[in-house]
Structure formats: C-alpha cells, structure tokens
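A.B. asks: Predicted model, plus sequence, below.
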Amino acid sequence: MIDPRFYKCSGALSLKKLSEVSGAEIVMPLPLNMTEDSAFENVATLEDATPSDISLFHNLKYRNDFQSSKAGVCFTQHAAVELAPKGIALLVSDSPQRSFGLALAALYPQAEGQMSSMTSPAHPTAQIGEGTILEYGVVVKEKARIGKHCRIGANTVIGAGVDIGNHTWIGQNVTISHAIIGCRVVIYPGVRIGQAGFGFAMDKRGFVTVPQLGRVIIEDDVEIGSNATIDRGSLRDTIIGQGSRLDNLVMIAHNVVLGKGCVLVAQVGIAGSTRLGNYVIAAGQAGIIGHLDIGNGARIGAQSGVMRDIPEGETVLGSPAIPLKDFMRQTATLNRMVKRSPAERKKTRE
C-alpha cells in the first residue's frame, strides 16, 4: 500500500487511459465485471495486490507470485499472457517496465515531493519531542515527527512525513526522506536515506524513470556509518533489521531487506530486491547482485562478487563467490601450477 504521508495520487485512471499513457495494449476479452472505463489508482506488488490495484510482472523469478496474484490490472509482456490467472486485466507491451513507469508517472507526478519556501527551520506542522536538540541549520519539513531526547546534527534535513523514534542520534549533513526510523538509532554524518532508487526502464526510445513509491524502514538499535546510502523501495519497503550495523560508504539499493543483526563492512554494495536473513556478515567491498536470497548466518568474504543465492550458514569467497572450501582448494591448485618449473609444465602438456 502506498503511504499517503509521502505520496499523493493525482486521481484514478481508467483502463483505457492507462493504455493511452503507457503505450501498452489491452488484452481482450476483459475479465467479467470489468470494462475499459473501469478505474484504478492504487499500485502494489504482485503478492500484495488486491482487485483494485495495478501491478507489474516482468521477471520470471516471480512467476508464482504472478499466477497467484489478486491484482486488478497487470503490465506484462506478450509471452506472459498465457501464464496469467483469471480475473486480471492485462496491459501488454514489448517493454512492460517502461509502460509501467509511464503509468506511475501519470498517477504520481510528484513522487519526489514538492519544494516550498520555509519561514522557519521547523515547519509549523512538525512535531519535535521533549528534550530533543536541533543544532544550527537543521531543517524539519511538514508533518515530520521527531521523538523524545533525540540529537540532530547541524545542516541535517528531515523530510516531510518522516518519523523518528526516541533517543535517536543523527550526525551532521544527513538527509532523510520517505522513512520511518526506530528508537536508539545512530546515523553518522553524511548519510543519505530515502532518496529514489536506481529504477528506470532501458529502451532505445529513451530511458524512462520508474517512480519509486516505497519507503525506508530502519528498525530499533541500528547504526549506519558515514556516507552510507539507503534507497527507498520501488513499491515495497527497503528494510534495515533490528540491531544491524552498516559501516561507512555502504550502498543499499531499493527493496533490499536486511534481517536482524546484519553486519556490512565498508563499501559493501547490495543491488535491488535482495534479501538477507538474520546475522549475515558481508566483509569490505563485497558486491551482491539483485533478487537473491542470502540465508541466516551466511558470511561473505571481502571483495566477493555474489551472483547466486547463499544457503543458511554458508561462508563464500571470491568473484564469482563460491563456498570457502572450494575457494581454498582452487587457490592451492593454482599456486601449485604457477610454481611448477617450465620443464614440469611442458611435461604435463605432453
């Protein structure tokens, strides 16, 4: 469900209008009790959608979610029509993500929010809890709420609708938007939370930005190092689990979910929609591609390139990342081969 604190819909669009603004074709015949004038304004993921919602299916990994979805309308490609469950109206195109992005832009033309002049650093509708200290240059926008006994560093900006729990410490030059932050959270200087994710459709006709309509949820007792960036979700939320620790310069993309007590060391990057279980550790400069599942207690070595799911408790290393024992065995074998004399290598080839 799109959070109305952060996003305002411009008004419902009929199925016919959705087709016009997106360039997608309506698949006929339509489901019973639906016409081209049937109107929709809500947007949701396949698994969360209801008959009043618009959704998107463009990745076969989510085929089961598509086939069990309750969405009213779904953007997809021509090849997926035969997979669709009954009751869903389909809008098909060669680039469903592009069409979906155009439709969202029509429904939510101001997803980034509006800028307006402020006569005081804290908007009159903002709520600031007892004992909270705001250093010089802090800006608190409309309807934001900051809990009790918080500390907000100089030149930090708290965006409209943001909610911050009690006893949270936020350093200097931090920006936070589209976010719900728990209690006793520590956010070091220069952190960026809640900006739009790197979501766009690549197309020869020109790239189309897909409005990012999710949030960032930071649970209690999290620490986030300097200059880390956490993008908000596209439709679902980006979530940082309770007690997790993020080092400096960590990058979290849209829709990523971290379980409890995860540790991400400096310069770790996690691509969109990957899910980490509880107490996962990723060492410095590890990179994890999108749409993966990393099991509870998994450990990822420094500079590893993770390109597959990791089972619970497994330790991986290398690029592409492989189980630690396999990595050590391959390294030992390579070392033996390199140390052979030219005569030994020639004998092996013969």
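C.D. replies: Structure received. Residues are numbered from 1 along each chain as shown.
A.B. asks: C-alpha only now, for contacts and for neighbours.
C.D. replies: Noted.
A.B. asks: and residue 206, how many residues sit next to it?
C.D. replies: Per other CA atoms under 10 Å, the neighbour tally for residue 206 reads 9.
A.B. asks: In three-state terms, how would it be classified?
C.D. replies: coil (DSSP: H, G, I helix; E, B strand; the rest coil).
A.B. asks: Now for it: which residues touch it?
C.D. replies: Residues near residue 206 by CA atoms under 8 Å, 6 or more residues apart in numbering: none.
A.B. asks: And for residue 299?
C.D. replies: Counting by CA under 8 Å, 6+ apart, residue 299 touches 280-282, 313-316.
A.B. asks: Try it again at 10 Å.
C.D. replies: With contact taken as CA atoms under 10 Å, 6 or more residues apart in numbering, residue 299 is in contact with 263, 279-283, 310, 312-317, 323-324.
A.B. asks: Report the residue spans of the chain with pLDDT below the cut-off.
C.D. replies: 341, 343-350 (pLDDT under 70).
A.B. asks: Quick test: name the residue nearest the centre of it.
C.D. replies: In the chain, the centroid-proximal residue (CA atoms, centre = their mean) is residue 254; its distance is 1.5 Å.
A.B. asks: ok, that one to residue 93 distance?
C.D. replies: 24 Å (CA to CA, to the nearest Å).
A.B. asks: and if you look at residue 215?
C.D. replies: 28 Å.
A.B. asks: So for those two, which sits in the more crowded spot?
C.D. replies: Set residue 215 next to residue 93 and count neighbours by other CA under 10 Å: residue 215 wins out with 29 against 21.
A.B. asks: Spatially nearest residue to residue 192 (excluding sequence neighbours)?
C.D. replies: residue 229 (4.7 Å; CA to CA, 6 or more residues apart in numbering).
A.B. asks: For the one you found, grab the count of nearby residues.
C.D. replies: Residue 229 has 22 nearby residues by other CA under 10 Å.
A.B. asks: so what are the domain limits for the protein?
C.D. replies: Following automatic domain parsing, one finds the domains of the chain at 13-107, 178-350.
A.B. asks: Any chance of a markdown table for those domains, columns distance to residue 162?
C.D. replies: A markdown table is the format used below for these (distance: least, CA to CA, whole Å):
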| stretch | distance to residue 162 |
| --- | --- |
| domain 13-107 | 21 |
| domain 178-350 | 5 |
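A.B. asks: closest one to residue 144 among those domains?
C.D. replies: domain 178-350 (10.0 Å; CA to CA).
A.B. asks: if I look at the residue nearest to the centre of the chain, how far off is residue 230?
C.D. replies: Distance from residue 254 to residue 230, by CA to CA: 8 Å.
A.B. asks: again, but for residue 63
C.D. replies: 28 Å.
A.B. asks: Mind checking which of these two has more residues around it?
C.D. replies: residue 230 (29 against 16).
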